[in-house]
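Asker: With the sequence up front, the predicted model follows.
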Amino acid sequence: MSWRQLGLTLARMEMGASERSSRGERCYRITVRGELTQPFVDPLERVYVESSGDESILRCEVVDQAKLQAVLSWLYAHGVEILSVTPAPETVTQ
């Protein structure tokens, strides 16, 4: 996914996403290539990993687009290939 595609995806999600947690945060599902562990993403706060072989799904709650972009930038800076970003239908529970 290119940065341009990611920007367009984020814009569509901002316009159409209405799922919010009880704390007013939006829930997102980020699918990445490779198997990630929870300790790897712990610095991101409120991001939880579900790994299944060659892909991992990150579920996260963010307060605004700036936080989502920070999460995506952190993943990119650490060499993680982002496959998709979509609004999640439910809140994150841990």
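Answerer: Alright, I've got the coordinates.
Asker: Backbone dihedrals for Glu50, both of them.
Answerer: Main-chain dihedrals, Glu50, degrees, to the nearest 10: phi -130, psi 110.
Asker: tell me what the host helix or strand of Thr86 is packed against?
Answerer: Assigned by DSSP states H and E, Thr86 belongs to strand 82-87. In terms of contacts (3 or more Cβ pairs under 8 Å, 6 or more residues apart in numbering; DSSP states H and E), strand 82-87 is packed against helix 3-16, strand 26-33, helix 65-77. Just so you know, the C-beta spots here come from the backbone N, C-alpha and C atoms, and that holds for glycine as well.
Asker: again, only this time at 6 Å
Answerer: strand 26-33 (3 or more Cβ pairs under 6 Å, 6 or more residues apart in numbering; DSSP states H and E).
Asker: And the strand it packs on, what does it pack against?
Answerer: Secondary-structure packing of strand 26-33 (3+ Cβ pairs under 6 Å, 6+ apart): strand 55-62, strand 82-87.
Asker: what about 8 Å?
Answerer: Using 3+ Cβ pairs under 8 Å, 6+ apart, the elements in contact with strand 26-33 are strand 55-62, helix 65-77, strand 82-87.
Asker: Show me how far the second one is from its chain's centre.
Answerer: For helix 65-77, the distance from its own C-alpha centre to the chain's C-alpha centre is 8 Å (Cα atoms, centre = their mean, to the nearest Å).
Asker: show me where pLDDT drops low in this protein?
Answerer: For the chain, the stretches with pLDDT under 70 are 1-23, 90-94.
Asker: mind running it again at 50?
Answerer: Along the chain, the model assigns pLDDT under 50 to residues 15-22, 91-92.
Asker: From the centroid of it, which residue is nearest?
Answerer: Nearest to the mean C-alpha position of the chain, by Cα atoms, centre = their mean, lies Ile30 at 3.8 Å.
Asker: Quick check: beta-bridge partners of it?
Answerer: Leu58, Val85 (DSSP bridges).
Asker: distance of it from Gln65?
Answerer: 14 Å (Cβ to Cβ, to the nearest Å).
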